[in-house]
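# compute the structure for the input listed below.
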Amino acid sequence: MDYSYIGSGKVYLKQVGSAAGLIEVGNVSALSFNVTEDTKELKDYTQPGGGTYNEVKRISSVEMSMTMHDLSPENLARVLYGTASAITSGAVTDESHTAYKGGFIPLNFIPTAAAPVVKHTSGTPTYVENTDYEVRPGGIVILQGGAIADAQVIKISYTKAAANAVEALTNSGQEYEVFFDGLNEARSGKSSTVYAYRVKIGAAQNMSLIGDDYAALEVTGKLLKDTTKSGAGISQYFKVAIET
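Next up is the predicted model:
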């Protein structure tokens, strides 16, 4: 039988021990398991010229590497050891900031396209767009020739857009169950699945924010022993199933 393989498919994750289902992570361009082997050799000392008298090979570790292209809040939270939360749209009134001429002020939330209202901290005067400040997608720039003085406290009112926020580096690395629901294109789409029971996923190796190519989250994880799996011939690490 021909077992040639070109794989595609979907990857699902869930935190080990959580009362939740496996969740699809989106478009994954690369998924691989890398086995590291430890070799113990006994040299042949019985005759000149050496050689190997005996050898023992043991698996020292199995690592998973994955490249994800969906930079969803959930994926970012996983690979940045963070926390994701939803932000509802609504009015933001009198958000306080200290202004400096020529300086950019990032707003606390992503604003909608509606123009903000910028006032002196006392409530008057109300400053003029494109005279005292310029609106940018994530905030405002204080103009050099405007009426807003250096170190002036101002109040900004605007409408915040519905969004998702990820607070990075708020958690430790988590362990996940990983299921690959694969299809073998070299065998007319026959199913090939892999179930890893306990994977400690590391942080993203990079997060490209400006570039000419689609961004990707590259992560690695180590397979750990799952002692809940037992029985003769039963792996405590992962299982591969191949449709015949």
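# next, residue 186: secondary structure please.
Three-state call for residue 186 (DSSP: H, G, I helix; E, B strand; the rest coil): helix.
# residue 192 is in contact with that one, correct?
No - the pair residue 186 and residue 192 fails to qualify as a contact (Cβ atoms under 8 Å) at a distance of 10.1 Å. Every residue, glycine included, has its C-beta placed from N, CA and C.
# joint contacts of those two?
residue 5 (Cβ atoms under 8 Å, 6 or more residues apart in numbering).
# so between these two, which is more surrounded?
Taking other Cβ atoms under 10 Å, residue 186 and residue 192 do not tie; residue 192 has more neighbours (19 against 12).
# what's opposite that one in the beta bridge?
residue 182, residue 242 (DSSP bridges).
# residues touching it, list them.
5, 7, 9, 182-184, 240-243.
# next one: residue 81
168-173, 203.
# 10 Å instead?
The neighbours of residue 81, taking Cβ atoms under 10 Å, 6 or more residues apart in numbering as the test, are 167-174, 201-204.
# are any of those residues buried, and if so which?
Neighbour counting by 16 or more other Cβ atoms under 10 Å classes 174, 201-204 among these as buried.
# name the nearest of these relative to residue 120.
Nearest to residue 120 out of the buried ones among the contacts of residue 81 is residue 204 (Cβ to Cβ; 42.8 Å).
# what sits against the closest residue to that closest one other than its chain neighbours?
Once flanking residues are discounted, residue 204 sits nearest to residue 79: 3.9 Å by Cβ to Cβ, 6 or more residues apart in numbering. Going by Cβ under 10 Å, 6+ apart, residue 79 touches 66, 68, 71, 168, 173, 201-205, 207, 217-219.
# out of these, which sit inside strands?
Judged by DSSP state E, strands contain the following of the contacts of residue 79: 66, 68, 201, 217-219.
# how close does residue 6 get to residue 30?
13 Å (Cβ to Cβ, to the nearest Å).
# again with residue 140
41 Å.
# picking up where we left off before, look up phi and psi at the residue nearest to residue 204.
phi -90, psi -10 (degrees, to the nearest 10).
# so what's the residue count around residue 42?
10.
# for it, give me the pLDDT.
pLDDT for residue 42: 96.
# redo the buried ones among the contacts of residue 81 as TSV? Include distance to residue 113 and pLDDT.
Shown next, in TSV, are the buried ones among the contacts of residue 81 (distance: Cβ to Cβ, whole Å; pLDDT from 0 to 100):
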residue	distance to residue 113	pLDDT
174	37	93
201	38	94
202	39	93
203	35	94
204	31	93
